[in-house]
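Asker: okay, predicted coordinates and the sequence, questions at the end:
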Amino acid sequence: MLDLGKYIIFSLLFIFFSISSFSETRKFNIGKIATKEEVAGWDIDIRPDGLGAPKGSGDALSGEEVYAERCASCHGDFGEGIDRWPELVGGSGTLSSHDPVKTTGSYWPYASTIYDYVYRSMPFGEAQSLTYDETYKIVAYLLNMNDIIDEDFILSNENIGKIKMPNRNGFLLPDPRPDVKNLNGNPCMKNCKTPTKIIGKARDIDVTPEDEKS
Amino acid sequence: MAKEKKDIISRRSIIKAGVGLGALGLSSKTLLAKEANNKNLPPNVPEWTETLGDGVDVNPYGMPSEFESNVIRRNVEWLTASTESSVNFTPLQDLEGIVTPNGLCFERHHGGTAIINPVDYRLMINGLVDREMIFTLDDLKRFPQVNKFYFLECAANGGMEWKGSQLNGCQYTFGMVHNVQYTGVKLSDLIQETGLKNNAKWVLAEGSDSSGMTRSIPIEKIKDDCIIAWAMNGEALRPEQGYPIRLVVPGWEGNMWVKWLRRIEFGDKPYMTREETSKYTDLLSDGKARMFTWVMDAKSVITSPCPEKPVLQKGIHQIRGLAWSGRGKIKRVDVSLDGGKNWKTAQLHSPVLEKSLTRFTIPFEWNGEEILLQSRAIDETNYVQPTIKELQNIRGVNSIYHNNSIATWLISKNGKVDNVRLG
């Protein structure tokens, strides 16, 4: 009996200290602990190293059909883009030109980003309706159209972090700004040398819409 | 003319950047006041004096005067494929002080406005934390709160102006900015509830809208001043601004201020989302692009006179404008009437707050001559707002984002005002 009483007291003390130490780390005691299932349902992002990529796979051959059905009405059969919807294919060698074409092939530095974006927000207006395999197939199709993988290459959670994208080294870090000459808060105030000839007027370009006359 | 349009605009580069630009609201209605009715002028007694007006509760939620119906957000239809993934612009030319009315704050959506019943709202915090947790809206409102004014500027504000003057209006060239007072809980307080692992260096902020907007943010910024906000200017967030919860990332580009925020994940590396790789990176003339250019550098704009606000008569006028900096407070604003040859320092109006719009004015007497009007902001780090030429020399003309250069308004002899480029 005595032993049982001691046991109960020790147990209560243990619980008490457990709770109090928990309270100390949780300053406000607001909110609830998320379950693994709750987190799994929302934690859909995947990283360049493939972390977070769900189990699945697909190749470009089978991706062509999924792409045609779910993507082509806006992006075109070959990723060329219809109307003002984005081009997904091509643009290689244009980034330093007067009219750079920034596609998944010419510009995007990581294949993981294509998977992440297609799964979370495409097709436009039907977000998160693709299966994991369908998403791998579509990404494989786009990579193949951009000459990055062969048509029978099976893209999967195992290898998506290892795809080398053409523009992988096209980005500069860190931010070098302020990048203009440091005037230390004292710019010229009088008789400054600056061009004051008008070389362009927005009015002449004439792309500014006007309100409808009421 | 057609060829010139094509050469200068390069619509494709702008559209590919996910940027929309809006139309100019320069209509006859805007320009010309209706003729006064003599029956309402002295010595006569106006009609609104002789009759009763509406009683209380006719408008349980008050709206602006019907005579202000031209003070609205505007977009440019030709620029984007759909209005659900597009942008419109704040009518800065019609606003006073530093507070942007909630209904006039520009909108930028990537998958339309999500409509969320607050009882269904949940914020999840997961990843490299001691406890993965979920909070309701009521939970969040139980934390200590802060109330702070901050500007929010889209990184592409002025993006159409990199190559030359394109859109003839203050609204379309500067209107992707707004300034409101946010109420919310500091993320540094929320972290005390979840705990953080030592290797937590980055945050992924994720929206619950149809685009599932995501951006990576370094942990230092999260601990410094980021806010989980539920109110703007004293009332609940507007649906188009992220109701019921948006992230506030003071001084940094608007795309990071994730609306309809559903999840915050802590990790040890950046996530390299679509928005921070294929968009919101600054393409230089050599084909390389700057990444993670988050801060919005000091900038200013003259909101009157401007293309929408011509000078209607000679004599004294008050030049009015706004200045802001993502690096702190505005220290000084200078104004030039001769295209930047000579400058005078304008008056700053209180409050002058860090990372907030700041109002400036300076009186000006117009005698019918041509004027090349410019403003130049200096912030508390002594950074001086640059000319477009200075930016072009370093970054080329394909950058799209982070154009904080000095603009020029030409006041012609007839009082009309034009957006012009000097060179």
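Answerer: Here it is on my side, so go on. A quick note: this is a predicted structure, and the numbers were derived from the prediction, not measured.
Asker: gap between B:M176 and chain A?
Answerer: 16 Å (CB to the nearest CB, to the nearest Å). Heads up, the C-betas are built off the backbone N, CA and C, glycines and all.
Asker: in contact with that residue, which residues?
Answerer: With contacts defined as CB atoms under 8 Å, 6 or more residues apart in numbering or on different chains, the neighbours of B:M176 are B:V87, B:F89, B:T90, B:F106, B:R108, B:E153, B:C154, B:A156, B:N157, B:G158, B:G254.
Asker: hmm, try it at 6 Å
Answerer: Listed by CB atoms under 6 Å, 6 or more residues apart in numbering or on different chains, the contact set of B:M176 reads B:F106, B:C154, B:N157.
Asker: not counting its neighbours along the chain, what's nearest the second one?
Answerer: Yep, that's B:C154 we're talking about. Distance criterion CB to CB, 6 or more residues apart in numbering or on different chains; nearest residue to B:C154, sequence neighbours excluded, is B:M176 at 3.8 Å.
Asker: then the first one?
Answerer: Excluding its sequence neighbours, the residue lying closest to B:F106 (CB to CB, 6+ apart) is B:T90, at 4.4 Å.
Asker: and for that neighbour, the neighbour number?
Answerer: Applying other CB atoms under 10 Å in any protein chain shown, we find 26 residues neighbouring B:T90.
Asker: contacts only, for B:R376.
Answerer: Applying CB under 6 Å, 6+ apart, the residues contacting B:R376 are B:D334, B:Q385, B:I406.
Asker: how many other residues sit next to A:S97?
Answerer: A:S97 has 12 nearby residues by other CB under 10 Å.
Asker: what of the one 4 residues further on?
Answerer: By the other CB under 10 Å criterion, the neighbourhood of A:V101 contains 20 residues.
Asker: could I get the full set of helices for chain B?
Answerer: With helices called from DSSP state H, chain B shows them at B:2-9, B:11-16, B:28-31, B:47-50, B:137-141, B:170-174, B:187-194, B:219-224, B:274-277, B:388-395.
Asker: so what pLDDT did the closest residue to B:F143 other than its chain neighbours get?
Answerer: Closest residue to B:F143 apart from its sequence neighbours, by CB to CB, 6+ apart: B:V185 at 4.0 Å. At B:V185, the predicted lDDT confidence score is 98.
Asker: contacting residues around B:V185?
Answerer: Shown in contact with B:V185 (CB under 6 Å, 6+ apart): B:L140, B:F143, B:I228.
Asker: contacts only, for the closest residue to A:I198 other than its chain neighbours.
Answerer: Leaving aside its sequence neighbours, A:I198 sits nearest to B:V420 (CB to CB, 6+ apart; 4.9 Å). B:V420 is in contact with A:I198, A:K201, B:S165, B:T408, B:L410, counting by CB under 6 Å, 6+ apart.
Asker: quick one: mark the members of those residues that sit in strands.
Answerer: Within the contacts of B:V420, residues falling in strands by DSSP state E are A:I198, A:K201, B:T408, B:L410.
Asker: those residues: which two are farthest apart?
Answerer: A:K201 and B:T408 (10.2 Å; CB to CB).
Asker: who's more crowded, those two?
Answerer: Neighbours of A:K201 and B:T408, each counted by other CB under 10 Å, are more numerous for B:T408; the result is 24 against 16.
Asker: surely the more buried one meets B:S375?
Answerer: No: contact criterion CB atoms under 6 Å: B:T408 and B:S375 do not qualify, at 9.8 Å.
Asker: hey, where'd the helices end up in chain A?
Answerer: Assigned by DSSP H, chain A shows helices spanning A:2-25, A:36-42, A:60-70, A:72-75, A:111-121, A:132-145, A:202-205.
Asker: pLDDT weak spots in chain B?
Answerer: For chain B, the stretches flagged by pLDDT under 70 are B:1-33.
Asker: pick out the residue closest to the middle of it.
Answerer: Nearest to the geometric centre of chain B sits B:V177, at 0.7 Å (CA atoms, centre = their mean).
Asker: residues contacting that one?
Answerer: B:F151, B:E153, B:N157.
Asker: can you count the residues close to the first one?
Answerer: Close neighbours of B:F151, defined as other CB under 10 Å, add up to 25.
Asker: what does B:V56 give?
Answerer: Look at B:V56: counted by other CB under 10 Å, it has 6 neighbours.
Asker: before we move on, what about B:Q374?
Answerer: Neighbours around B:Q374, by other CB under 10 Å: 25.
Asker: look up how far A:G93 lies from it.
Answerer: To A:G93, B:Q374 is 39 Å away according to CB to CB, to the nearest Å.
Asker: next one: A:S106
Answerer: Relative to A:G93, and taking CB to CB, A:S106 is found at 8 Å.
Asker: and if you look at B:G368?
Answerer: 53 Å.
Asker: try A:F78
Answerer: For A:F78, the distance to A:G93 - CB to CB - is 18 Å.
Asker: quick check, pLDDT for the closest residue to A:D49 other than its chain neighbours.
Answerer: Leaving aside its sequence neighbours, A:D49 sits nearest to A:G161 (CB to CB, 6+ apart; 4.7 Å). Here the pLDDT value assigned to A:G161 is 97.
Asker: just give the nearest non-adjacent residue to residue 46, would you?
Answerer: All of this refers to chain A. A:G52 (4.0 Å).
Asker: sorry, I should have been clearer: chain B.
Answerer: The spatial neighbour of B:P46 that comes closest, neighbours along the chain excluded (CB to CB, 6+ apart), is B:N40 at 4.0 Å.
Asker: neighbours of that neighbour, how many?
Answerer: Neighbour tally, B:N40, other CB under 10 Å: 12.
Asker: tell me how far it lies from chain A.
Answerer: For B:N40, the distance to chain A equals 22 Å [CB to the nearest CB].
Asker: ok, that residue to B:L237 distance?
Answerer: B:N40 is 40 Å from B:L237, where distance means CB to CB.
Asker: do the same with B:L322
Answerer: Using CB to CB, B:L322 is found at 22 Å from B:L237.
Asker: more neighbours, these two?
Answerer: Using other CB under 10 Å as the criterion, B:L322 and B:L237 rank with B:L322 on top: 27 against 24.
Asker: the more buried one is in contact with B:T361, isn't it?
Answerer: No: B:L322 sits out of contact with B:T361 when judged by CB under 6 Å, with a separation of 10.5 Å.
Asker: what's the burial count for B:N59?
Answerer: Neighbour tally, B:N59, other CB under 10 Å: 8.
Asker: tell me the phi and psi of it?
Answerer: The phi/psi pair for B:N59 (degrees, to the nearest 10) reads phi -120, psi 90.
Asker: what number of residues are in the vicinity of A:I198?
Answerer: For A:I198, using other CB under 10 Å, the count is 17.
Asker: next one, pLDDT for it please.
Answerer: 97.
Asker: and it, how far from B:S165?
Answerer: From A:I198 to B:S165 the distance is 9 Å (CB to CB).
Asker: what about the strands in the stretch 151-300 of chain B?
Answerer: B:177-186, B:202-207, B:214-218, B:227-232, B:235-236, B:246-248, B:261-267, B:282-283, B:289-290, B:299-304 (DSSP state E, counting those that start in this stretch).
Asker: A:L183 is nearest to which of these?
Answerer: When the strands of the stretch 151-300 of chain B are compared by CB to CB, strand B:299-304 sits nearest A:L183, at 15.2 Å.
Asker: kind regards, and thank you for your time.
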